[in-house]
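Enquirer: here is a sequence together with a model predicted from it:
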Amino acid sequence: MAHFVNPFTDIGFKIIFGQPASKELLITLLNELLAGEHHIEDLTFIDKEDNSDNVNDRGIIFDLYCLTSSGEYIIVEMQNRWHSNFLDRTLYYVCRAISRLIERPITDEVELPAGRNGNRTDTVNEAPPRYGDRYKLSTVYGIFLMNFKEGKLEPKFRTDTVVADRENGRTVNPHFRQIYLQFPYFTKQ
């Protein structure tokens, strides 16, 4: 008897795209989505859990969270059913990932490499970065695959969002990018 994996479920999507053995398949998908804008050579799966900092905040568990070999972060989410405030949730996910890029450790102490005896007891203080430098961001891509029609988006298969000037449409901040794919609008050409 044949077994099939449904890519529109969280577990099915993670089986197909979220394992080291299928990394090339994910890279191919992402390169098709980012064609003409960015090309991914390699990526690393990173911890999908983003725990909250206090008891009143919500933690996040991404479907896939990756770091490319050139330093971009990619969040990939598969959502099978509509639920209220989905677009707000996607914005929160990307903003949370961006905010984590500028967080610094509490101390400026850096551990020195292990000495001959293997001990790592020595530390050295590093000069903190200049104020403006700590806000230099890597690009964060949010890729949201939806097996439903989102009423707040145009009725089409693909919607790309960027931070842009409303009047002329020119991108203001290239480090923030979201792609929404609404599968019910997909038509084979």
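Expert: That came in fine, so what should we check first?
Enquirer: could you use CA atoms for every contact and neighbour count after this?
Expert: Fine.
Enquirer: what segments of the chain are helices?
Expert: Counting by DSSP state H, the chain has helices at residues 10-17, 23-33, 86-102.
Enquirer: and these as JSON lines, adding mean neighbour count and distance to residue 64?
Expert: Output for these, formatted as JSON lines (neighbours: other Cα atoms under 10 Å; distance: least, Cα to Cα, whole Å):
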{"stretch": "helix 10-17", "mean neighbour count": "17", "distance to residue 64": "8"}
{"stretch": "helix 23-33", "mean neighbour count": "16", "distance to residue 64": "10"}
{"stretch": "helix 86-102", "mean neighbour count": "15", "distance to residue 64": "12"}
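Enquirer: kindly list the longest strand within this structure.
Expert: strand 171-182 (DSSP state E).
Enquirer: specify the angle between that one and helix 23-33 in degrees.
Expert: Strand 171-182 and helix 23-33 meet at an angle of 120 degrees, taking axes from the mean of the first three to the mean of the last three Cα atoms, to 10 degrees as the criterion.
Enquirer: now do strand 171-182: everything it contacts.
Expert: For strand 171-182, the external contacting residues (Cα atoms under 8 Å, 6 or more residues apart in numbering) are 94, 137-150, 156-165.
Enquirer: tell me the mean pLDDT for that strand?
Expert: Average pLDDT, strand 171-182: 93.
Enquirer: and it with helix 86-102, angle?
Expert: Using the same axes, to 10 degrees: strand 171-182 against helix 86-102 is 130 degrees.
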